[in-house]
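# dropping a prediction and its sequence here:
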Amino acid sequence: MNASLLSLEWMILGGGLVFLLLDLWTPAGKKRSLGYAAAALVAVTLVWSFRVDASTPQLAFNDGYVLDALALFFKRFFLIATIGVLLMSVDFADQFQAGIGEYYSLILFALGGMMLAASANDFTMLFVSIELITVTFYVLTSFLRHKTPSLEAGIKYLILGALSSGVMVYGIALVFGSSGTMKFGELAEKAAGLTHQKVFLIGALFLVAGLAFKISAFPFHVWTPDVYEGSPSPTTAFLAVGSKAAGFVLLLRFLFVAMPHAVVAEWSRVLMVMSGVTILYGNLCAIPQRSLKRLLGYSSISNGGYMLLGVAAMSHEGSTAVLYYLSGYLFTVLAGFLVISIVVRQLGSDDLKAIAGLHRRSPLLATALTLAMVSLAGVPPLAGFFGKFLLLKSVLEQGSSYYWLMAVAVVGVVISISYYLGVVRAIYWSDRPIEPKELILGAPMRIALYACVLGMLYLGLFPNFTLELASRATGVLKF
Amino acid sequence: MGQVGLEHYLVVSALLFCLGLLGTIVRRNVLIIYLSLELMLNAANLALVALSRFKDNLNDHVSGQMMVFFIITVAAAEVAVGLALIVALYRKNASAHTEDLATLRF
């Protein structure tokens, strides 16, 4: 066993513990700036990750942990996301009554869980990493516990999260019982003879249901809008980016490493229906929303549906498109939530009315939010357009049985344009007279916003580098 | 009367799981719902332990039992956080009923 394979996880989890202690010795007035130190630690870990060699898969913990190109791609993804979330939380921190330092530590612990999830190679690791993420998020969602919405979001996430992990654990027990192994590699070899065993299929279905909860796919999406609306903005951003991506890496690994090809091929129809319904549901429900966070909650459901297109395509191109889409989604959603977080903190509301005339209060915020919405709507040349294009292309290549799904996805895109552009209209063309109260933006937030905007443009205009990384990462999956 | 075998354990485990699921859906008190959820986790524990003990085709009998320890530990962490949340909710609302969780809605 080689514990040094986990160097990145050690850095993050150790850092989380150190910050928990540092919090005790830091005077109350300076606790907020601990977040900058945490972001610096994550940045250092990100740089360090380029010294990690993952060209050949390496195993640790009795084959439960694997370090390969896919794991490394997602680890970097999570690290980048967390830097943005930490900067956002420093700005947001004065809303918390107590425990600012703990908030940063919890974010680091959740990040550790996501990084372990990226490397999960048996059911024990899958379960523990997913629970590390979920249990941390119970606290993060209800961190504004003096406010009813946040507490309610926490309780709803707690009940539904615990329900999904209960179902998932039972699924693991059934899969273990019928196959006799916990390891993904062994399961793939054995499972060829299990394709018609009902117990095995039910177990695997339960497992997929548990993962579908994480990516908020229909019909396991019910928690999403409420939890997104009630949680503190940095938590919502982290849920939208990190938690969802962790669900996708586990789903990809489970379907295309652990499961036999015959079973997955039979399931393609289930995944297609799930993807189509998720897209339509998310987009249709987003139309009448007035709260920006809730709107992004429904938008996040529909985006999960788009990414499921790539999974349902069951091809190398499809999975590569998922990874690319996630990269674009990272910058887009972070930009959106950075703006929302500032607006909520300084104007006290995330209603569409609150952002009326945002361009007069702060042109940078207005531009960033507009670009994020336009990218989510899939307008070229931003990241969202090329991602959707790749996903649809991968589905189209699978032949005529997929055409209806393609049509559903295109209809979804058309619907989504209406509400995304509704947000843009609320910024620039609102009838309400606006008191010219300027929004204050600190230098770190400014930098984070510029970075997100640059990321969106870079991924949209020069996709080749990221695509190549994604393509190499999905090389470890078998189709 | 035959001996108690794998089937008996699995049937009890399935019953526990269904009871837990039923309790989660039907009951209205957050605390009872949470209790039912723990029942579901323990249903899986029972199944895993019984399978590790009785199945012959296993490569290793340890990994299932090991998983149970992980589940117990994680469940304890989840209960610690969950009960804290429910207490916070009760202090705020003076009620732990799901009908009162209605601030966030469509």
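Looks like it came in fine.
# report how many residues lie close to the residue in chain B positioned nearest to chain A.
Here chain B gets closest to chain A at one residue, B:Met40, 3.4 Å apart by C-beta to the nearest C-beta. (Each C-beta comes from the backbone N, C-alpha and C, glycine too.) By other C-beta atoms under 10 Å in any protein chain shown, 24 other residues sit near B:Met40.
# quick one: buried residues of the helix or strand containing it?
Here B:Met40 is covered by helix B:30-54, with elements defined by DSSP states H and E. Of the residues in helix B:30-54, B:30-31, B:33-34, B:36-52 count as buried by neighbour count, 16 or more other C-beta atoms under 10 Å in any protein chain shown.
# now the residue in the stretch 351-479 of chain A positioned nearest to chain B: phi and psi?
Nearest to chain B, among the residues of the stretch 351-479 of chain A, is A:Asp351, at 14.1 Å (C-beta to the nearest C-beta). Dihedral pair for A:Asp351: phi -70, psi 150, per degrees, to the nearest 10.
# specify the beta-bridge partners of it.
Beta-bridge partners for A:Asp351, by DSSP bridges, are A:Ser291.
# report pLDDT for the residue in chain A that chain B sits nearest to.
Among the residues of chain A, A:Gly166 lies closest to chain B, at 3.4 Å counting by C-beta to the nearest C-beta. Note on A:Gly166: pLDDT of 94.
# return the distance of it relative to A:Val208.
Here A:Gly166 is placed at a distance of 15 Å from A:Val208 (C-beta to C-beta, to the nearest Å).
# cool, and A:Lys183?
For A:Lys183 relative to A:Val208 (C-beta to C-beta), the value is 18 Å.
# check A:Ser49 too.
30 Å.
# which residues sit in contact with A:Leu160?
Going by C-beta atoms under 8 Å, 6 or more residues apart in numbering or on different chains, A:Leu160 touches A:Phe213, A:Val222, A:Trp223.
# let's see it at 10 Å
Neighbouring residues of A:Leu160 by C-beta atoms under 10 Å, 6 or more residues apart in numbering or on different chains: A:Phe213, A:Phe220, A:His221, A:Val222, A:Trp223, A:Thr224, A:Asp226, A:Val227, B:Thr24, B:Leu37.
# pretty sure A:Gly210 sits against A:Ala162.
No: using C-beta atoms under 10 Å, A:Gly210 makes no contact with A:Ala162, being 11.1 Å away.
# just the strands in chain B please.
Under the criterion DSSP state E, chain B carries no strands.
# surely the residue of the stretch 351-479 of chain A closest to chain B touches A:Val423?
No: taking contacts as C-beta under 10 Å, A:Asp351 lies outside contact range of A:Val423: 11.5 Å.
# overlap in contacts of these two?
With C-beta under 10 Å, 6+ apart, A:Asp351 and A:Val423 have common neighbours A:Leu292.
# show the model's pLDDT score for the residue nearest to B:Leu101 when sequence neighbours are not counted.
Closest residue to B:Leu101 in three dimensions, ignoring its sequence neighbours and counting by C-beta to C-beta, 6 or more residues apart in numbering or on different chains: A:Glu152, at 5.1 Å. A:Glu152 carries a pLDDT value of 91.
# A:Glu152 sits in which helix or strand?
Assigned by DSSP H and E, A:Glu152 falls in helix A:148-179.
# how far does stretch A:92-111 sit from its chain's centre?
Here stretch A:92-111 shows a centroid-to-chain-centroid distance of 19 Å under the convention C-alpha atoms, centre = their mean, to the nearest Å.
# pull up the distance across it, start to finish.
End-to-end distance for stretch A:92-111: 19 Å, by C-alpha to C-alpha, to the nearest Å.
# so for it, what gets flagged as buried?
So, applying 16+ other C-beta under 10 Å, buried residues of stretch A:92-111: A:92-93, A:95-96, A:99-111.
# if we can go back for a sec, dump the contacts of A:Leu160 to a markdown table, plus secondary structure, pLDDT and distance to A:Ala372.
Shown next, in a markdown table, are the contacts of A:Leu160 (DSSP: H, G, I helix; E, B strand; the rest coil; pLDDT from 0 to 100; distance: C-beta to C-beta, whole Å):
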| residue | secondary structure | pLDDT | distance to A:Ala372 |
| --- | --- | --- | --- |
| A:Phe213 | helix | 93 | 26 |
| A:Phe220 | coil | 90 | 26 |
| A:His221 | coil | 90 | 21 |
| A:Val222 | coil | 90 | 25 |
| A:Trp223 | coil | 92 | 23 |
| A:Thr224 | helix | 93 | 18 |
| A:Asp226 | helix | 92 | 22 |
| A:Val227 | helix | 94 | 20 |
| B:Thr24 | helix | 92 | 37 |
| B:Leu37 | helix | 94 | 36 |
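# list the contacts of A:Gly166.
A:206, A:210, B:17, B:20-21, B:24, B:36-44, B:75.
# try 8 Å
By C-beta under 8 Å, 6+ apart, the neighbours of A:Gly166 are B:Phe17, B:Gly20, B:Leu37, B:Met40, B:Leu41, B:Ala44.
# now A:Thr124
A:Gly64, A:Met182, B:Ser63, B:Met66, B:Met67, B:Phe70.
# do I have it right that the fifth one meets A:Gly177?
This points to B:Met67. No: using C-beta atoms under 8 Å, B:Met67 is not in contact with A:Gly177; the gap is 11.5 Å.
# what do those two both touch?
B:Leu48.
# which residue, other than its chain neighbours, is closest to A:Met88?
That would be A:Pro234: by C-beta to C-beta, 6+ apart, it lies 4.4 Å from A:Met88.
# residue ranges of the helices in the stretch 351-479 of chain A, please?
A:358-361, A:363-377, A:383-396, A:403-428, A:443-461, A:464-473 (DSSP state H, counting those that start in this stretch).
# which of the contacts of A:Thr124 sits closest to A:Leu158?
Closest approach to A:Leu158 among the contacts of A:Thr124 (C-beta to C-beta): B:Phe70, at 19.8 Å.
# my guess is that closest one meets A:Ile130, correct?
No: the criterion here is C-beta under 8 Å, and B:Phe70 misses it with A:Ile130 at 11.6 Å.
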